[in-house]
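Visitor: got a predicted model here, sequence first, then my questions.
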Amino acid sequence: MKAWLPLLLRLALVVLLLAFITSPGWFEPLLKPLTENNAPAIYNQGSLLTLTLLHLRTVLIATVAATIVAVALAILVTRPAGAEFLPLSRSLVNIGQTFPPVAVLALAVPAVGFGEKPTLIALFLYGLLPIFENALTGLTTLPANVVEAARGAGMTGWQRLTKVELPLSAPIILGGIRLSVVISLATATIGSTVAARTLGEVIIAGLLSNNLAFILQGGLIVAALAVLIYDGLSAVERYAARRMGREAE
Amino acid sequence: MIEIEGITKRYDATTVVDNVSMVIEPRTIAVIVGTSGSGKTTLLRMINRLVEPTSGIIKLDGADNRSVPGYELRRSIGYAIQGHGLFPHRTVAQNIATVPVLLGWDKARIEARVDELMTLYQLDPQEFGPRYPHELSGGQQQRVGVARALAAEPNVLLMDEPFGALDPIIRAKAQEDLLAIQKRFGTTIILVTHDMEEAVHMGDKIAVMDGGKLVQYARPAEILANPASGFVETLVGASERPFRLLSLGRVRDAVEQGSAEGEAIPGDASQRDALAELLWSGKPALPVKGADGKPLGRVTVDGLVKRAARPR
């Protein structure tokens, strides 16, 4: 009985989320008590479904870009030739993380204009660190005798990287991507302050018109997405770890 | 044939391997023995250029080992290490096929070779081929590790404490398997160990290293009878010497005329095992039988004790 309970909860959450973003009208009676002065209970300046998809698209693009750059950087600094760039790239990536995304938005708007672009830049910079650090951990904690065996078998540097090092660190790199995605899902909402079309639009509209129902529905959709995506990526990660024979660690 | 000529390896101020020269005859087993930090592993790793020497030359069948790129050289030399180093994300069959795949053998040839090696190592290809290394026992993993090293039919096999992680019973079996396979393929093997027992048992010649220097390089009987230094003598173990000497000989060679009562000893057993059997049974002599079960004669305590004495 315990085994299917988590699965059932997840399934219920998926159904609820899909129902809410496709037919929000059904939930109007639930949210109505949160509004005042006959204000609308359901966001009425755009479709929730479209906003959710745009939100996900923004996060996807930023994460893919951050993954490519962070993993490439981690590979570079773990090669003998790139080792001296390790401290430099570490501080660069750290700056990306410490710089508040809001400040990045403010700085990026004059350069690239309003819309999705400044949001992508902010999310990209913010998402680099977890992926980079995890990729670094993965690539530097490989079992020594396995790497030695790969060299001893006559693999070239590139073959060792693609056939042994990357597959074996995949579970840890995936962990970094998972963290980055969840952070980006939440952070993307502030992109709407510079006119990016994300679920933040709903929350900001709620704040501007003092409408608690808007704030709540925007926040809940983002939260549900984050929980489900975190969960899904965790499952992928566990599968990869089993597949790479690293489950014992 | 492997010729090591004046090989030195220095890391900054420390000399790890100091001007070592030795020749390893083809189709023989050379065992490098020494304590940890003696430079034995570094010497081994310079043969397939996992470590580049500071000075000196290593020739394989007359050709300088620097005449081809390092990775190409390593594909032509088998390499087995302690704790096997199997790729955890690849099946047993894929692990064994590593070097043949790198060499671009065609699929049918790789499959045939993997099957041959697995059968040779008493692992059913159907059953074990698709498994992952963590699903095997320690002894099976070790066998797969050696099978992987032998996959591309190398003339030379380098082994770095390959049996170090095994329990004594599996270890003895692994040593016998290796000796049998060495005979079958005629591979030249260089094996690094810290265990003198293993060295005497496996080696056609033993190289003793201490502090980066090659102290003595000779046949096991010579090392036992005339240790070149106090260090070699300590390594041999004074109290073990006579028994190690006996372990080099076969009962067949110690047979005397006559007959005796009791359980017959096989002629292929080592003289040390025969002495142990005699002492344990409390009899002065036991019969010896050939591989076909026919009596060869007898072996006596007196005869063996004489053979255990220091050769003059």
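Guide: Cool, got the structure.
Visitor: which non-adjacent residue is nearest residue 139?
Guide: Chain wasn't specified; assuming chain A. residue A:78 (4.5 Å; Cβ to Cβ, 6 or more residues apart in numbering or on different chains). Glycine gets a C-beta too; all of them are placed from N, C-alpha and C.
Visitor: switch to chain B, please.
Guide: In space, residue B:139 is closest to residue B:170, 4.0 Å off (Cβ to Cβ, 6+ apart).
Visitor: in a helix, the one you found, correct?
Guide: Yes: looking at residue B:170 with DSSP: H, G, I helix; E, B strand; the rest coil, it is inside a helix.
Visitor: ok, it - contacts?
Guide: B:138-139, B:142 (Cβ atoms under 8 Å, 6 or more residues apart in numbering or on different chains).
Visitor: just the buried ones from those residues?
Guide: Buried subset of those (neighbour count, 16 or more other Cβ atoms under 10 Å in any protein chain shown): B:139, B:142.
Visitor: of the contacts of residue B:170, which is the nearest to chain A?
Guide: Set against chain A, the nearest of the contacts of residue B:170 by Cβ to the nearest Cβ is residue B:142 (12.3 Å).
Visitor: which pLDDT value goes with that closest one?
Guide: You'll see residue B:142 listed with a pLDDT of 90.
Visitor: got phi/psi on the residue lying closest to it once chain neighbours are set aside?
Guide: In this structure, residue B:142 finds its nearest non-sequential neighbour in residue B:84, 5.5 Å apart by Cβ to Cβ, 6+ apart. For residue B:84, the backbone dihedrals (degrees, to the nearest 10) come out as phi 50, psi -40.
Visitor: what's the neighbour count on residue B:84?
Guide: Summarising burial for residue B:84: neighbours were counted as other Cβ atoms under 10 Å in any protein chain shown, giving 24.
Visitor: got a pLDDT number for it?
Guide: 81.
Visitor: how far away is it from residue B:96?
Guide: Residue B:84 sits 12 Å away from residue B:96 when distances are taken as Cβ to Cβ, to the nearest Å.
Visitor: and residue B:29, by the same measure?
Guide: 22 Å.
Visitor: what's the answer for residue B:38, then?
Guide: Residue B:38 sits at a distance of 32 Å from residue B:96 (criterion: Cβ to Cβ).
Visitor: who has more neighbours, the two?
Guide: More neighbours surround residue B:96 than the other of residue B:38 and residue B:96, with 31 against 25 (other Cβ under 10 Å).
Visitor: list the contacts of residue B:227.
Guide: Contacts of residue B:227 by Cβ under 8 Å, 6+ apart are B:216, B:233, B:235-236.
Visitor: check which helix or strand covers it.
Guide: According to DSSP states H and E, residue B:227 maps onto no helix or strand at all.
Visitor: so it versus chain A, what's the distance?
Guide: Taking Cβ to the nearest Cβ, to the nearest Å as the measure, residue B:227 falls 33 Å from chain A.
Visitor: tell me which element residue B:56 falls in.
Guide: Element membership of residue B:56, judged by DSSP H and E, is strand B:55-60.
Visitor: now residue B:122, what's its secondary structure?
Guide: Recorded secondary structure, residue B:122: coil (three-state DSSP).
Visitor: buried residues of stretch B:182-199, list them for me.
Guide: Using 16+ other Cβ under 10 Å as the test for burial, stretch B:182-199 gives B:182, B:185, B:187-196, B:198-199.
Visitor: about what we covered before: sort out for me which of the contacts of residue B:227 are in strands.
Guide: The strands, defined by DSSP state E, take in residue B:216 from the contacts of residue B:227.
Visitor: closest to residue A:85 out of the contacts of residue B:227?
Guide: Distance ranking of the contacts of residue B:227 against residue A:85, using Cβ to Cβ, places residue B:235 first at 46.3 Å.
Visitor: contacts only, for the nearest residue to the closest one once chain neighbours are set aside.
Guide: Closest residue to residue B:235 apart from its sequence neighbours, by Cβ to Cβ, 6+ apart: residue B:196 at 5.5 Å. Under the criterion of Cβ under 8 Å, 6+ apart, the neighbours of residue B:196 are B:33, B:235-237, B:240, B:244.
Visitor: write the PyMOL selection for whichever of those are buried.
Guide: Applying 16+ other Cβ under 10 Å to these leaves a buried subset, and the PyMOL line that selects it is:
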select buried, chain B and resi 33+235+236+244
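Visitor: for chain B, what lies in contact range of chain A?
Guide: Within chain B, the positions lying close to chain A (Cβ under 8 Å from any Cβ of the partner chain) are B:48, B:50, B:71-76, B:79, B:81-89, B:98-99, B:102, B:132-134, B:145, B:148, B:158.
Visitor: which helix or strand contains the residue positioned nearest the centre of chain A?
Guide: Closest to where the C-alpha atoms of chain A average out (Cα atoms, centre = their mean) is residue A:181, at 0.8 Å. Residue A:181 belongs to helix A:166-187 when assigned by DSSP H and E.
Visitor: same check, this time on residue A:8
Guide: Using DSSP H and E, residue A:8 falls in helix A:4-22.
Visitor: okay, now the residue of the stretch 101-250 of chain B found nearest chain A: neighbour count?
Guide: Taking Cβ to the nearest Cβ, chain A has its nearest neighbour within the stretch 101-250 of chain B at residue B:134, 4.8 Å off. By other Cβ under 10 Å, 13 other residues sit near residue B:134.
Visitor: that one contacts residue B:88, correct?
Guide: Yes: assessed by Cβ atoms under 8 Å, residue B:134 is found in contact with residue B:88 at 6.2 Å.
Visitor: do you know the pLDDT at the residue nearest to residue A:62 when sequence neighbours are not counted?
Guide: In space, and not counting its chain neighbours, residue A:62 is closest to residue A:123: 3.5 Å by Cβ to Cβ, 6+ apart. pLDDT recorded at residue A:123 is 90.
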